[in-house]
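1. I'll drop the sequence and a predicted model, then ask my questions.
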Amino acid sequence: MKPSFSEGSSSYRGRIAPTPSGYLHIGHARTFLAAQLRSQQQNGVLVFRNEDLDLDRCKLQYVTAMYEDLKWAGLAWQEGPDVGGPFAPYSQSERGDLYRAAWRKLLEMGTIYPCSCSRKDLAQIAQAPQDEDDEPVYPGKCRPTVTRSQTTMKSARGSNWRFRVPDGETITFMDNNGLFGTRSYTCGKDLGDFLVWRRDDVPAYQLAVVVDDAAMQVTEVVRGADLLKSTARQILLQRSLGLPQLEYFHCQLVTDENGVRLAKRNDALSLRTLRLNGHHPEILMTQR
Ligand code: GLU
């Protein structure tokens with residue numbers, strides 16, 4: 001039987017995009033429930049995208065767990081790897097051709113360049129960690145004076161590739177969540193040249209997300225406030241690739257009793273642990 005895809009009655013399309021590199025926690029569930037609510041309020045569709053690009057970190061056990069745990073948390077999606085949909089596949093590991101095409105377009109436009117800096121080189125750039133995102137501004141060691149269009153390069157493999165940000169330009173966007181209002185980030189000061197492709201031939205998060213949000217016709221992105229600065233990076237990529245700019249809604253991050261943001265290693269607050277300990281999903285909204 002042909003699967004039928006339930007379509008929302010409006011054009012709103014939201015998405016949840018977990019990375020299966022560990023068990024998801026309360027913070028993920030709250031953000032995803034906010035995304036679900038936004039899409040329900042607008043009679044839209046919620047898309048589930050499995051962000052399993054990094055096959056070294058993403059394990060099958062976490063993929064299985066994320067479906068089980070998110071369903072337990074009260075989430076339901078209308079398109080996704082497990083239910084299909086018009087924009088399948090919904091797992092990033094199966095969408096490589098789309099990312100390669102975007103890399104090529106950026107290369108031809110002359111907005112990216114290869115970078116040979118190692119993690120160690122970058123770690124040596126002394127800079128205080130920043131509040132929202134700890135990626136230091138790239139100091140420009142490999143940045144050419146002029147970045148030229150290239151058409152002969154066969155593949156991205158073997159090099160890190162960085163997007164050259166327009167220094168001095170300020171990227172401003174409205175956050176639809178009243179908490180964050182209008183945000184502005186200046187290129188070269190708040191954010192530097194960022195990775196779009198990794199040396200191990202894996203597309204970087206920023207590029208994959210921009211390509212997928214556009215291809216899956218997402219209209220609003222609901223996600224954690226740790227990605228506010230990435231929103232500015234993604235707007236830069238959307239402009240370069242000629243893609244529409246989306247709406248954004250950022251959620252407050254959940255912290256532990258010491259005020260430290262939850263991470264996948266905080267097992268005590270993982271959805272899996274809460275569920276196996278017999279908690280009711282209501283705890284997700286009441287627990288600090
Ligand atoms: N997959 C990303 C994460 O788990 C989220 C991406 C996004 O919402 O843009 O942090």
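-> Arrived safely, thanks for sending. Numbering: from 1, shown residues only.
2. For this protein, which residues are neighbours of the ligand?
-> 17-19, 51, 209, 223, 227 (C-beta under 6 Å from any ligand atom). For glycine as for every other residue, the C-beta is placed from the backbone atoms N, C-alpha and C.
3. okay, those in TSV with neighbour count, secondary structure and pLDDT next?
-> Listed next are the residues of the chain next to the ligand as TSV, based on neighbours: other C-beta atoms under 10 Å; DSSP: H, G, I helix; E, B strand; the rest coil; pLDDT from 0 to 100:
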residue	neighbour count	secondary structure	pLDDT
Ala17	23	coil	98
Pro18	22	coil	98
Thr19	20	coil	97
Glu51	19	coil	98
Val209	25	helix	98
Arg223	22	strand	97
Leu227	21	helix	95
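4. now, which of these sits nearest Gln92?
-> Comparing those against Gln92 with C-beta to C-beta places Glu51 closest, at 5.3 Å.
5. Once you drop chain neighbours, what's closest to the closest one?
-> Once flanking residues are discounted, Glu51 sits nearest to Thr19: 4.4 Å by C-beta to C-beta, 6 or more residues apart in numbering.
6. Quick check: the gap between the one you found and Arg49.
-> Distance of Thr19 to Arg49, computed by C-beta to C-beta, to the nearest Å: 10 Å.
7. Which other helices and strands does the lengthiest helix in the chain contact?
-> Taking DSSP state H as the criterion, the chain has its longest helix at helix 26-41. Contacts defined by 3 or more C-beta pairs under 8 Å, 6 or more residues apart in numbering; DSSP states H and E place helix 26-41 against strand 13-16, strand 45-48, helix 60-72, strand 220-224, strand 247-251, helix 271-276, helix 283-286.
8. at 7 Å instead, please
-> Judged by 3 or more C-beta pairs under 7 Å, 6 or more residues apart in numbering; DSSP states H and E, the packing partners of helix 26-41 are strand 13-16, strand 45-48, strand 220-224, strand 247-251, helix 283-286.
9. ok, and what's touching the last one?
-> Outside helix 283-286, the residues within contact range by C-beta atoms under 7 Å, 6 or more residues apart in numbering are 26, 29-30, 73, 274.
10. And for stretch 46-60?
-> 13-21, 35-36, 39, 63, 77-81, 90-93, 202-203, 208, 212, 216, 218.
11. and those, which are buried?
-> The neighbour count (16 or more other C-beta atoms under 10 Å) marks 13-20, 35-36, 39, 63, 77-81, 90-92, 202-203, 208, 212, 216, 218 as buried among the contacts of stretch 46-60.
12. From the chain's centroid, how far away is the longest helix of the chain?
-> Counting by C-alpha atoms, centre = their mean, to the nearest Å, helix 26-41 is centred 15 Å from the centre of its parent chain.
13. So for it, what gets flagged as buried?
-> Under 16+ other C-beta under 10 Å, the buried positions of helix 26-41 are 26-36, 38-39.
14. buried set for stretch 162-179?
-> 162-165, 171, 173, 175-177.
15. Sort those by pLDDT and name the bottom one.
-> Among the buried residues of stretch 162-179, Asn177 carries the lowest pLDDT, at 93.
16. how near is it to Ala268?
-> Asn177 is 27 Å from Ala268, by C-beta to C-beta.
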